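Undergrad: Got a predicted structure plus its sequence, pasted below:
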Amino acid sequence: MTLHHRIVVLVLSALLPFAATAQSSAAAASSARARIVADSQKGTPFQVGRQTYQVVVGLRAVARGDASADAQLATLGIPAGDLVEARGPLVFFRQAPAGSTAPARLAAAAALAPVGGVSTFPVVVNTVSGQLGALSGTLTVKLAKVGDAGALARDHGLALDYVAEGIGWAFLRVPDGGDVMAAAAAVARDPRAKIVEPEVRAHFAVPR
């Protein structure tokens, strides 16, 4: 064995314990997150495209911005120990469920709500992959008639963000404090809407 090979072997031998420790820590974090999600109350499954999701009670998401996950939680007054996962620009954290009944807790979990003056978002879990995502508050709606977009939004207390007239889709926004899933269900019952899907995002640049 040449001197070069000996050096490579020594370096790799020194790095292996650190790699094993990092892998073990990541596995432990993933297992803890899975337990938290499994033990949480969840809403009725809903479809977005070909994916199925459920709202998770007791979890919220916040856009991290330029801060670290711990620093962003600190601005909300959330203890670092309540961090569940930081992935991309989103930070997922635990929050005590609001409401005295299961339906009330679910409605609160599905609402857009500020914490410490910062916008936070409902958390959903992919029922197949287990990946967490957030409801942005936007509803993607396939319209029966493009001209009905404004009236549809107004009648349901939503803001009209954009209409893609060429393909007949509208993007409606739920106001702060609004229950995203309840809004989606109400619009879905309206004959002016053919398809309604709440937008699920793994990341977004800025809070709405």
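TA: Received the coordinates, thanks.
Undergrad: Could you pull up the mean pLDDT of stretch 63-78?
TA: Across stretch 63-78, pLDDT averages out at 89.
Undergrad: Dig out what the residue nearest the centre of the chain forms beta bridges with.
TA: Relative to the mean C-alpha position of the chain, the nearest C-alpha, by C-alpha atoms, centre = their mean, is the one of A134, at 1.3 Å. Residues in a beta bridge with A134, per DSSP bridges, are V123, R201.
Undergrad: and it, how far is that from L152?
TA: Between A134 and L152 the computed distance is 24 Å (C-beta to C-beta, to the nearest Å). Yep, even glycine has a C-beta here, placed from its N, CA and C like the rest.
Undergrad: residues making contact with stretch 97-104?
TA: Defining contact as C-beta atoms under 8 Å, 6 or more residues apart in numbering, one finds that stretch 97-104 is touched by 41, 57-58, 105-109.
Undergrad: For that stretch, buried residues please.
TA: Using 16 or more other C-beta atoms under 10 Å as the burial criterion, the residues of stretch 97-104 that qualify are P97.
Undergrad: got the CA coordinates for that stretch in PDB?
TA: Taking Å, rounded to 0.1, in the frame of the first residue of the first chain, the C-alpha atoms of stretch 97-104 are listed here in PDB:
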ATOM      1  CA  PRO A  97     -54.500  22.700  19.700                       C
ATOM      2  CA  ALA A  98     -57.200  25.400  20.100                       C
ATOM      3  CA  GLY A  99     -60.900  24.500  20.700                       C
ATOM      4  CA  SER A 100     -62.700  22.300  23.200                       C
ATOM      5  CA  THR A 101     -64.100  19.800  20.700                       C
ATOM      6  CA  ALA A 102     -62.400  17.700  18.000                       C
ATOM      7  CA  PRO A 103     -64.300  19.600  15.200                       C
ATOM      8  CA  ALA A 104     -63.300  23.000  16.700                       C
END
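Undergrad: Out of the contacts of stretch 97-104, which is nearest to Q95?
TA: G58 (6.4 Å; C-beta to C-beta).
Undergrad: re earlier: and the contacts of stretch 97-104, which two are the farthest apart?
TA: When the contacts of stretch 97-104 are compared pair by pair using C-beta to C-beta, the maximum separation belongs to G58 and A107, at 13.5 Å.
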